[in-house]
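In: Sequence and predicted structure below; questions after.
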Amino acid sequence: MIDVLVVGAGPAGSVAALVLARAGVRVLMLERDTLPRPKLCGDTLNPGAVGLLGNLGLSGGPLDIAERMTGMLVTTPDIAVRGAYPEGQVALAVPRVHFDQWLAQAAVAAGAHLECGVRVLGPVWRTEPGRPGVMAGVAVRRDNGQTIRMPAMLTIAADGRRSALARAANLSRHPARPRRWAFGGYATDVDGMSSMGEMHVRPGHYVGLAPIGAGITNICIVTGRKPVGRTPEDVIRRVLASDPRLRERTHAWRPIGPPHVLGPLAVDCDVAGMPGLLLAGDAAGFVDPMTGDGMHIAMRGGMLAAAAALEALASGDMTLAAGKLTAARASTLGSKLRFNRWMRRLVGSRAAINVVGAGARMAPSMVTRLVWYAGDAA
Ligand SMILES: Cc1cc2nc3c(=O)[nH]c(=O)nc-3n(C[C@H](O)[C@H](O)[C@H](O)COP(=O)(O)OP(=O)(O)OC[C@H]3O[C@@H](n4cnc5c(N)ncnc54)[C@H](O)[C@@H]3O)c2cc1C
């Protein structure tokens with residue numbers, strides 16, 4: 001029997017599986033897609049994420065050829081401030097299609113098993129009279145149509161913001177606000193890109209730009225309920241063309257392939273699991289892309305879930321792990337997640353953006369400190 005099932009081979013799932021496999025646990029990762037697969041993302045591993053990978057002893061692969069980003073250019077309608085990371089620290093721009101496959105392979109090299117083309121449909125419950133239900137594995141459908149149950153002592157749901165398991169266990173919900181959608185893809189001929197990533201914050205939307213090398217720019221736009229445009233590409237085109245700071249720089253942009261769309265984005269979650277189930281990464285609550293630290297938080301969440309699973313396996317008691325994980329997440333990630341919620345609200349308020357703009361004009365170092373904090377730079 002498998003000790004731990006990890007659902008999802010994104011950053012959270014692969015790191016959880018890697019840590020568990022290194023500790024000698026029998027771990028099976030289930031991934032609905034075939035790797036490599038594309039993922040809508042700004043593709044930026046912030047300095048904290050780069051440090052975490054180093055601490056795990058992971059190097060090489062796509063990290064070696066990634067673009068090195070030395071900081072962030074942050075703009076509002078009124079200000080433009082370059083916040084450089086501290087000396088010696090960089091973010092890496094790595095297309096997710098390469099990064100996620102590489103990280104999953106690292107988990108497999110550590111001893112984890114990986115099955116792709118397997119969609120988890122929902123939990124399998126174990127019920128005993130007079131006791132609350134315990135999750136005892138998952139029901140899955142393979143790409144060949146076969147539907148089976150997979151038992152496990154523990155399951156880690158790392159299946160992203162629309163986690164089938166978190167929803168089935170009533171642990172996650174879409175909040176009424178904010179209702180936002182993301183549009184993103186790659187393009188050539190974006191002028192003026194430097195070694196910095198860019199975050200352009202406007203009332204009701206924001207635009208992230210990242211230089212991923214070979215003259216290609218990752219463009220992500222996160223916007224409110226009713227974006228204007230006939231197609232996703234048209235939405236991006238209109239946002240860029242209507243922006244005084246970006247219009248000139250993007251007038252000749254040429255999209256590479258059709259953009260991807262995701263939404264509604266926000267998913268909230270108060271507790272990180274229940275007996276038999278632990279949540280990691282976006283499955284434990286979606287991290288708004290504005291702060292660019294979603295992958296770092298996802299990987300740290302994967303490590304915390306693995307630690308909680310190891311403790312539960314050692315004690316033989318699977319009932320306390322979710323509570324311990326919730327507490328560990330609150331103490332380790334709590335302030336970062338609150339910062340993310342605060343930034344998520346900022347873009348919804350023109351007045352708040354103006355206040356931040358006015359503050360930044362008087363004290364540009366404030367933006368640098370925000371860039372460091374968002375980037376988990378020491
Ligand atoms: C527009 C946008 C831009 C972003 N930019 C950045 C950025 O620049 N830097 C950054 O750090 N973060 C960024 N993020 C956030 C980042 O993408 C996420 O926080 C991160 O991907 C979360 O990792 P995860 O492993 O939790 O989930 P995911 O990366 O979503 O991985 C979940 C995995 O589970 C699989 N899965 C889902 N359902 C099932 C199922 N039922 N059965 C089996 N498998 C399943 C999926 O196929 C996927 O492989 C951005 C997000 C968005 C939307």
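Out: On my side now, so go ahead. Numbers count the residues shown, from 1 in each chain.
In: So is the helix or strand harbouring Leu370 next to the ligand?
Out: Applying DSSP states H and E as the criterion places Leu370 in helix 365-374. No - judged by CB under 6 Å from any ligand atom, helix 365-374 makes no contact with the ligand; its nearest approach is 9.9 Å. Yep, even glycine has a C-beta here, placed from its N, CA and C like the rest.
In: Contacts made by that helix with the rest, please.
Out: 46, 71-72, 74, 79, 81, 83-86, 291-293, 339, 343, 359-360, 377 (CB atoms under 8 Å, 6 or more residues apart in numbering).
In: CA atoms only for the helix or strand of the chain at the bottom of the mean pLDDT ranking, dumped as CSV, please.
Out: Lowest mean confidence among the helices and strands of the chain (mean pLDDT, DSSP states H and E): helix 350-362, at a mean of 87. The C-alpha trace of helix 350-362 is given here as CSV (Å, rounded to 0.1, in the frame of the first residue of the first chain):
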residue,chain,number,x,y,z
ARG,A,350,-8.2,53.7,-7.0
ALA,A,351,-7.8,55.7,-3.8
ALA,A,352,-5.5,53.1,-2.3
ILE,A,353,-3.3,53.1,-5.4
ASN,A,354,-3.1,56.9,-5.3
VAL,A,355,-2.1,56.8,-1.7
VAL,A,356,0.6,54.2,-2.4
GLY,A,357,1.8,56.2,-5.4
ALA,A,358,2.0,59.4,-3.3
GLY,A,359,3.9,57.6,-0.6
ALA,A,360,6.3,56.1,-3.1
ARG,A,361,7.0,59.5,-4.7
MET,A,362,8.1,60.8,-1.3
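In: Let me see the mean pLDDT of stretch 176-186.
Out: Stretch 176-186 shows a mean pLDDT of 90.
In: Over to stretch 56-67?
Out: Rounded mean pLDDT across stretch 56-67 is 97.
In: how about it, does it reach the ligand?
Out: No - judged by CB under 6 Å from any ligand atom, stretch 56-67 makes no contact with the ligand; its nearest approach is 12.3 Å.
In: For that stretch, which outside residues touch it?
Out: Residues contacting stretch 56-67 (CB under 8 Å, 6+ apart): 15, 18-19, 45, 50, 53, 92-95, 98-99, 102-103, 106, 195, 210-213.
In: can you do 7 Å?
Out: 18, 53, 92-94, 98-99, 102, 106, 211-213 (CB atoms under 7 Å, 6 or more residues apart in numbering).
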